[in-house]
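K.L.:
using only what follows, build the 3D model:
(one chain, ligands or ions: 1)
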Amino acid sequence: MSTSDLSRREKHYAFGGWQEVWQHTSHTLNCMMNFSVYLPPQAATGPVPVLYWLSGLTCNEQNLITKAGFQRYAAELGVMVVAMDTSPRGSDVADDSAWDLGQGAGFYINATEQPWASHFRMYEYVVDELPNIIAAHFPTNGRQAIAGHSMGGHGALMIALKNPGRFSSVSAFAPIVAPSRVAWGQKAFNAYLGHDTRHWQQWDSLCLVEQGQPLPPALIDQGLDDPFYPEQLTTELLETACQARGMIAHFRYHEHYDHSYYFISSFIEEHMRFHATALQL
Ligand SMILES: N[C@@H](CCC(=O)N[C@@H](CSC=O)C(=O)NCC(=O)O)C(=O)O
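P.N.:
Sure thing, here's the model as predicted:
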C-alpha cells in the first residue's frame with residue numbers, strides 16, 4: 001500500500017477537535033481521492049473509535065462535514081468520523097451525463113463491466129484501502145461503526161452485512177435498501193455489474209438479509225415527505241425481512257421530513273449516541 005502522497009488539504013478547529021480533509025492517490029480506484037476526518041479532542045491523548053460515513057448521490061467528502069452538524073456530538077462522545085468521496089473522480093474516469101450514474105454515484109460496489117471496472121471499486125476502497133490508511137495515520141483503537149445516507153445508506157447496510165463482526169453498529173438515513181428492485185439501483189447495477197441479476201444479489205441489503213447474513217444493531221430513519229420514498233427507498237421491505245429474522249433493527253418514520261441534510265442534522269445526535277453506546281463509550 002502506498003500512501004506516500006497523503007496530504008492534508010483542510011484543517012479547521014471545531015468543538016475542541018479538528019475537522020480535516022485529506023487527499024491521496026488511491027491504488028484501488030486509480031485516481032486521486034479526498035476523504036474527511038473529524039478528530040475529537042480525545043484523539044489528542046489516545047486512540048478513539050471510528051465512525052465511517054457514506055454519502056449519497058452527487059455528494060463528496062464535504063456534504064457531511066458542512067451540513068450535518070455532527071462535530072458537537074463526536075467531540076463530546078470521543079468518536080472519530082471519516083467520510084469519503086462517493087466515487088472515483090477525474091477526466092480519465094468514466095462518467096455519465098446523468099447525476100445518478102458515474103462520478104458521484106459509485107454505489108459502494110466493485111464494478112465488473114467496462115468502462116467502469118478500471119476505476120469504480122468503491123467497495124474495496126471503503127472496506128480495505130481507506131481503513132488501512134486511517135489505521136496507519138490516525139489514532140484509532142480498532143473499534144468501528146458505519147452509517148450513511150440514501151445511496152450511502154445502502155452502502156453502509158450492505159457493507160455491514162457483508163462483513164460480520166467488523167462493525168459494532170450500523171445506521172442509515174433514507175437508505176436504498178433493495179437496489180435490485182428500484183430504478184436507481186437497477187440503472188447502476190446494469191451499468192456496473194452487467195445484466196445478469198444473479199450478480200447483483202451480493203450487493204443488495206435485502207437479498208443479503210434474506211440469505212441469512214447477520215446485521216449488527218441498526219438504526220434507520222426515514223422521512224415521510226421524502227420525494228424518493230417509497231419508490232426508490234422501499235424501507236418497509238428491509239424492515240419486514242429484519243423482523244422476520246429477529247434482528248435488532250430500529251426503523252423510525254418521521255412526518256414532514258424530506259431527503260435533505262436538514263433531515264440528517266435533525267437526528268444526527270441520536271445516531272451519534274446510538275453508535276457511541278455500541279462502541280462502548
Ligand atoms: N438531482 C439533485 C438531487 C440529488 C440528491 O438529492 N442527492 C442527495 C442524495 S440522493 C441519494 O443518494 C444528497 O445527499 N444531495 C446532497 C446534499 O447536500 O443534499 C442534485 O443534483 O442535487
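
K.L.:
give me the nearest residue to Q222, chain neighbours excluded.
P.N.:
For Q222, ignoring the flanking residues on the chain, the nearest one in space by CB to CB, 6 or more residues apart in numbering is T235 at 4.8 Å. The way it works is simple: take the backbone N, C-alpha and C, and place the C-beta from them, glycine included.

K.L.:
contacting residues for L237?
P.N.:
Neighbouring residues of L237 by CB atoms under 8 Å, 6 or more residues apart in numbering: V177, A178, R181, L206.

K.L.:
pLDDT averaged over stretch 143-156 - what is it?
P.N.:
Averaging pLDDT along stretch 143-156 yields 98.

K.L.:
re earlier: so how far is L39 from the residue nearest to Q222?
P.N.:
In this view, T235 and L39 are 33 Å apart by CB to CB, to the nearest Å.

K.L.:
more neighbours: which of those two?
P.N.:
Set T235 next to L39 and count neighbours by other CB atoms under 10 Å: T235 wins out with 23 against 20.

K.L.:
for that one, give me its contacts.
P.N.:
With contacts taken as CB under 8 Å, 6+ apart, T235 has the following neighbours: A174, P175, V177, I220, Q222, Y229, F251, Y253.

K.L.:
buried subset of these, written for PyMOL?
P.N.:
To isolate the buried subset of the contacts of T235 in PyMOL, counting by 16 or more other CB atoms under 10 Å, use the following:
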select buried, resi 174+175+177+220+222+229+251
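
K.L.:
tell me the one of the contacts of T235 nearest the ligand?
P.N.:
The ligand lies nearest to A174 out of those, by CB to the nearest ligand atom, at 7.5 Å.

K.L.:
thinking the closest one is in contact with G148, fair?
P.N.:
No. A174 is beyond contact range of G148, at 9.7 Å (criterion: CB atoms under 8 Å).

K.L.:
re earlier: closest to I268 among the contacts of L237?
P.N.:
V177 (20.0 Å; CB to CB).

K.L.:
test my guess that H137 contacts L6.
P.N.:
Yes. The criterion here is CB under 8 Å, and H137 meets it with L6 at 6.5 Å.

K.L.:
helices - which of the contacts of L237 land there?
P.N.:
L206 (DSSP state H).

K.L.:
identify the farthest-apart pair in the contacts of L237.
P.N.:
For the contacts of L237, the farthest-apart pair by CB to CB is V177 and R181; their separation is 9.0 Å.

K.L.:
tell me the residues that contact both of the two, please.
P.N.:
Here V177 and R181 have L206, T234, L237 as joint contacts, going by CB under 8 Å, 6+ apart.

K.L.:
hang on, the last one in a helix?
P.N.:
Meaning L237. Yes. Assessed with DSSP: H, G, I helix; E, B strand; the rest coil, L237 lies in a helix.

K.L.:
and it, what pLDDT?
P.N.:
98.

K.L.:
would you agree M151 is in contact with I176?
P.N.:
Yes. Using CB under 8 Å, M151 is in contact with I176, at 6.0 Å.

K.L.:
quick one on the thing from earlier: so which of the contacts of L237 wins on neighbours?
P.N.:
Among these, V177 has the most neighbours (other CB under 10 Å), with 30 neighbours.

K.L.:
returning to that earlier point: so what sits against both of M151 and I176?
P.N.:
W184.

K.L.:
what mean pLDDT does stretch 240-256 have?
P.N.:
On average, stretch 240-256 scores 97.

K.L.:
same deal with stretch 25-43?
P.N.:
Stretch 25-43 carries an average pLDDT of 98.

K.L.:
and for stretch 202-213?
P.N.:
Stretch 202-213 comes out with an average pLDDT of 98.

K.L.:
just checking: what are the partner strands of the helix or strand containing P49?
P.N.:
Assigned by DSSP states H and E, P49 belongs to strand 48-54. Taking DSSP bridges as the criterion, strand 48-54 forms sheet pairs with strand 80-84 (parallel), strand 140-149 (parallel).

K.L.:
among those strands, which is nearest the ligand?
P.N.:
Closest approach to the ligand among the strands paired with strand 48-54 (CB to the nearest ligand atom): strand 140-149, 5.8 Å.

K.L.:
what does this structure put close to the ligand?
P.N.:
Selection of the chain residues close to the ligand by CB under 6 Å from any ligand atom yields 56-59, 63, 67, 99, 149-151, 259-261.
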